[in-house]
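**Student:** I would like to see how this sequence folds:
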Amino acid sequence: QVQLVESGGGLVQAGGSLRLSCAASGSIFSINAMGWYRQAPGKQRELVAQITSGGTIKYADSVKGRFTISRDNAKNTVYLQMNSLKPEDTGGYFCNADGVNSGRYYPLFDAWGQGTQVTVSS
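**Tutor:** Down below sits the predicted model:
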């Protein structure tokens with residue numbers, strides 16, 4: 001099993017910054033992609049940013065130029081630096097990781113964190 005633990009959410013005024021962290025632990029052989037998704041009330045969960053083990057990055061158009069995703073492979077941790085926050089960035093932010101479990105037959109995994117709330121006031 002793989003566990004993801006997020007931290008760093010909170011309440012911030014528009015224009016402010018927050019940094020989210022997500023640490024993966026458990027029976028991990030390797031991690032491919034790590035990413036952040038968000039879900040606003042009444043809306044579907046959407047991709048915010050993703051980074052692969054090879055360093056390929058993609059962002060949602062709405063956050064380009066404001067958010068930066070990074071990753072520490074040695075710590076199995078992914079970060080999301082969020083600057084110039086807007087009220088529309090408000091929502092639950094969920095970490096996701098996929099890769100290979102250690103153990104017999106090396107099964108694949110696709111894990112989610114419990115989420116951390118980001119609220120941006122106007």
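
**Student:** Count the residues that sit near Gln44.
**Tutor:** When neighbours are defined as other CB atoms under 10 Å, Gln44 has 7 of them. In short, each C-beta sits where N, CA and C put it, glycine included.

**Student:** for Thr116, same thing?
**Tutor:** Neighbours of Thr116 (other CB under 10 Å): 20.

**Student:** Quick check: it vs Ser30, distance?
**Tutor:** Going from Thr116 to Ser30 by CB to CB, to the nearest Å gives 25 Å.

**Student:** Neighbours of Leu4, how many?
**Tutor:** 22.

**Student:** What's opposite it in the beta bridge?
**Tutor:** Going by DSSP bridges, Leu4 is paired in beta bridges with Ala24.

**Student:** Please name the nearest non-neighbouring residue to Gln114.
**Tutor:** Glu6 (6.9 Å; CB to CB, 6 or more residues apart in numbering).

**Student:** meant to ask about Asp89, not that
**Tutor:** Per CB to CB, 6+ apart, closest to Asp89 is Val120, 5.2 Å.

**Student:** so which strand or helix has that neighbour?
**Tutor:** Element membership for Val120 (DSSP states H and E) is strand 116-121.

**Student:** Give me the helices and strands touching that strand, please.
**Tutor:** Judged by 3 or more CB pairs under 8 Å, 6 or more residues apart in numbering; DSSP states H and E, strand 116-121 is in contact with strand 10-13, strand 18-26, strand 91-101.

**Student:** Nearest to Gln44 among these would be which one?
**Tutor:** strand 91-101 (10.9 Å; CB to CB).

**Student:** got the buried residues for whatever helix or strand comes next after that closest one?
**Tutor:** For strand 91-101, the succeeding helix or strand toward the C-terminus, using DSSP H and E, is strand 108-112. Neighbour counts over strand 108-112 (16 or more other CB atoms under 10 Å) mark Phe109, Ala111 as buried.
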